[in-house]
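Visitor: Pasting the sequence and the predicted model now:
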Amino acid sequence: MAGSGKAHLRPADETLMRVEDLNVEFPVGRGRTVYAVSGISFDIAKGETLGLVGESGCGKSTTGRGILQLPKPTSGSVQLKGNDLMALDGEGMRATRTDLQMIFQDPISSLNPRRMIGEIVAEPLAVWGPFDEDEQWKIVAQMLDAVGIDPGVARYKRPHEFSGGQCQRISIARALVMEPDLIICDEPVSALDVSVQAQILNMLEDLKAQYGLTLVFIAHDLAVVKNISDRVAVMYLGKMCEVSESDELYANPAHPYTSLLLGSIPVPDPTANLDDTVTAEGELPSPLAPPSGCRFRTRCPLADEMCERVEPQMRRVSDDHYVACHHPLIEADPATEVTVSNS
Amino acid sequence: MTVVGSDTARLAKADTNEPLLVVKDLKTHFQIDAGLVKAVDGVSLELDRGKTLGIVGESGSGKTVLSRSIMRLNIANNVINTGSIVYDGEELITKSSKQMQKLWGVEMAMVFQDPMTSLNPVVRVGRQLTEHLRYHLGVNKAEARSNAIELLRSVKIPEPESRIDNYPHEMSGGMRQRVCIAIALACGPKMLFADEPTTALDVTVQHQILNLLATQQRDRFMTMIMVTHDLGVVAGRADEIAVMYAGKVVEKAPTGTLFSDMRHPYTQALLWSIPKIAQPKHTRLNAIAGRPPDLINPPTGCSFSPRCPYAQDKCREEEPPLVGGSTPGHQFACWYPVGSKENEEAYAKNLADGVAVTLAAEGKITATEELTAEIIADLDLGEAVIDVSDPTTGEGAD
């Protein structure tokens, strides 16, 4: 993987957001740089849920934050409805942020423990209006109701009086209150129990239908991502490996890494060989010095000399299924261009 | 000489068929300002040598407290422990911490959930590994070190000769968990407790660690208790599974039976609420309504009744006992067990009465049978265990 290329992008007029060649790098002193996200391109259509999956450290959260310009990416373009967010100045970006909202992983620490729920959810309205408190409360109550929290009861309570699942519902209400175009959900259900996780996932689906939400759903749990996403992008060490409609991706993974991920899900089979066999060896290399060529080659069972030299480009496998690999598990269209990686 | 003597005794015992661990009516209650927290409330179980027991439940169901209670790690002034824990013929519940120290590490050991915090950050992993080798086995420094290197090699840490001098922060999460496993295995315990050993790890690393635990268990003929909230983690690896809810075991069965013939509504609800890879996208999940009960004031009757789609008046008044099912070793505690005629009647009555039917029951309206078959196929237990006519639907999960 470790692929670049834009073969998988759809025409600009069909999409709500289009991210091209996004690079996020962090200097870590002594002249070293963490290459967190390198040359990622993707797009999101209105009303679509894009799932971003990968191991910890693959850059999925950084990508989500890059969209919000938190922090501003090193290079690339992030276009929301045709406006390049990278080109905006501080005030312009501030105004645009109302269209973009975020839901965080830890529901309890993402709410201010000293404020009341009514204030927390009304906060965006207090900044952007309406400024009339009764009007604000009307909107807040409606949103709390939509996420299954009784507004009358919750208004004067504080976060510690609610369970993790309820706090996550409140975070979602806070994100919805500005009626954003796009919501970035960064591992929104990872900290929750399975039974509560199911409640939140169902609720996100309902809210999506009701408000026509567009979501970027970041998670490491492949089953959760499949359940909620229309399209899934698999990331590895700051690169995109495979993008596909989600049923297709899980049925026919084309990238060896996707296949490794799917194979690692605990499959309850008493007859399975429990020895450490093929694929699962090794761990993520350091993003300080990512491998040349395809970044997955150090763990890939199919890697050869070409993978070391040439970075694979996104190629079409079937309709809405693209892979960046020299040796995909499914036949792909020939690459349109070949670039030799310098690093 | 006493050491040798007890070793022979131990070996002789290993040949017998008596269970290694027998827990009877174990209760662990915590006295706190708000009241008495009944974290574990009357659990009984038996575990044969070399077998794996999976303990499954939501947060707060008491699964971690149970495993720690068996190891007697919950010793404090406000902890009330009653019941009986017989390990290898010895009663543990009356033992003090001091007496337990002789058993910890040598007889029983634990792998904790969070490898980031369960190692001492300012001590090299080598010393953490050799500490109890030297304490329990009385080996000298050089021997302990070479043993430790062997242990690191056996848990597949690359270049153990140099890794042994690392500090924990120089290792990744997966490697640290391997070190934790090596520490637990160091003195050759007969019983290993794994408390959510992979919850903090990535899915690929989780796979490696679970395989490592399984091979180590087989090679050393260890008995294992694996505590997890993920039914998928234990389904393929445990011989028996106990499902806990509100401090009690509500259903216990051999793994195959539990999935093919589950009788407790909570087990069913738990399984249905998990998103499955084999299901198409946007499949509606059967969430369990409500939340786990307050353990200080648990509901009267069956503690699952407030969330149960089949609950009747009887459930809310009288607590169901743990009774045996049709398969040997299968036990469940429910007045209206899933799959029985009473259950269907109770459900029909709840529907007719317009009782708030939880989402778990919505699945029943759509297609109970297909869904269950699909889930079983998804779990891929194989035809030998369950008779499913078309097991091919689960292939997406492979």
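Guide: Here it is on my side, so go on.
Visitor: what's the spacing between A:Pro287 and chain B?
Guide: According to Cβ to the nearest Cβ, to the nearest Å, A:Pro287 and chain B sit 13 Å apart. Any C-beta I mention is one placed from the backbone N, CA and C, and that applies to glycine too.
Visitor: so what pLDDT did that residue get?
Guide: Confidence at A:Pro287, expressed as pLDDT, is 83.
Visitor: do the same with B:Met191
Guide: B:Met191 is assigned a predicted lDDT (pLDDT) of 93.
Visitor: repeat for B:Ser6
Guide: Predicted confidence (pLDDT) for B:Ser6: 41.
Visitor: Give me the phi and psi for the spatially most central residue of chain A.
Guide: Centroid check for chain A by Cα atoms, centre = their mean gives A:Ile218 as the closest residue, at 3.4 Å. Per-residue torsions, A:Ile218: phi -100, psi 130 (degrees, to the nearest 10).
Visitor: residue contacts, it?
Guide: When the contact criterion is Cβ atoms under 8 Å, 6 or more residues apart in numbering or on different chains, the partners of A:Ile218 are A:Gly51, A:Leu52, A:Val53, A:Lys60, A:Ser61, A:Thr63, A:Gly64, A:Ile184, A:Cys185, A:Asp186, A:Glu187.
Visitor: For chain B, give me the ranges with low pLDDT.
Guide: Low-confidence segments of chain B, defined by pLDDT under 70: B:1-16, B:355-398.
Visitor: Let me see the ranges of the strands in it.
Guide: Here chain B has its strands, by DSSP state E, at B:21-32, B:35-47, B:52-56, B:79-87, B:90-91, B:108-111, B:191-195, B:223-228, B:240-245, B:248-254, B:323-324, B:331-332.
Visitor: Adding distance to B:Glu143, write these out as a markdown table.
Guide: A markdown table is the format used below for those (distance: least, Cβ to Cβ, whole Å):
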| stretch | distance to B:Glu143 |
| --- | --- |
| strand B:21-32 | 31 |
| strand B:35-47 | 33 |
| strand B:52-56 | 31 |
| strand B:79-87 | 29 |
| strand B:90-91 | 29 |
| strand B:108-111 | 20 |
| strand B:191-195 | 23 |
| strand B:223-228 | 27 |
| strand B:240-245 | 38 |
| strand B:248-254 | 42 |
| strand B:323-324 | 50 |
| strand B:331-332 | 47 |
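Visitor: I'd like those as CSV, with distance to chain A and mean neighbour count appended.
Guide: As requested, these are exported to CSV (distance: least, Cβ to the nearest Cβ, whole Å; neighbours: other Cβ atoms under 10 Å in any protein chain shown):
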stretch, distance to chain A, mean neighbour count
strand B:21-32, 16, 17
strand B:35-47, 16, 20
strand B:52-56, 10, 25
strand B:79-87, 25, 16
strand B:90-91, 31, 12
strand B:108-111, 17, 24
strand B:191-195, 14, 24
strand B:223-228, 9, 25
strand B:240-245, 10, 25
strand B:248-254, 10, 25
strand B:323-324, 23, 11
strand B:331-332, 19, 23
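Visitor: separation between the residue of chain B found nearest chain A and B:Ile274?
Guide: Relative to chain A, the nearest point of chain B is B:Ala235 (2.8 Å; Cβ to the nearest Cβ). B:Ala235 sits 11 Å away from B:Ile274, going by Cβ to Cβ, to the nearest Å.
Visitor: Which residues of the stretch 101-250 of chain A lie near chain B?
Guide: Residues of the stretch 101-250 of chain A lying near chain B by Cβ under 8 Å from any Cβ of the partner chain: A:163, A:165, A:193-199, A:201-202, A:205, A:220-224, A:226-230, A:246-247, A:250.
Visitor: Now, of those, which are buried?
Guide: Buried members of these, counted by 16 or more other Cβ atoms under 10 Å in any protein chain shown: A:163, A:165, A:193-199, A:201-202, A:205, A:220-224, A:226-230, A:246-247, A:250.
Visitor: all strands of the stretch 201-343 of chain A, in order?
Guide: A:215-218, A:231-236, A:239-245, A:314-318, A:321-324 (DSSP state E, counting those that start in this stretch).
Visitor: In a markdown table: these, plus mean pLDDT.
Guide: Shown next, in a markdown table, are the strands of the stretch 201-343 of chain A (pLDDT from 0 to 100):
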| stretch | mean pLDDT |
| --- | --- |
| strand A:215-218 | 94 |
| strand A:231-236 | 94 |
| strand A:239-245 | 93 |
| strand A:314-318 | 89 |
| strand A:321-324 | 92 |
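Visitor: could you dump those strands to CSV with distance to A:Leu284?
Guide: Shown next, in CSV, are the strands of the stretch 201-343 of chain A (distance: least, Cβ to Cβ, whole Å):
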stretch, distance to A:Leu284
strand A:215-218, 17
strand A:231-236, 8
strand A:239-245, 12
strand A:314-318, 22
strand A:321-324, 17
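Visitor: Tally up the residues packed near residue 204, please.
Guide: No chain in the question, so chain A it is. Number of residues near A:Leu204 (other Cβ atoms under 10 Å in any protein chain shown) recorded here: 23.
Visitor: Correction: the question concerned chain B.
Guide: B:Thr204 has 22 neighbours, counted by other Cβ under 10 Å.
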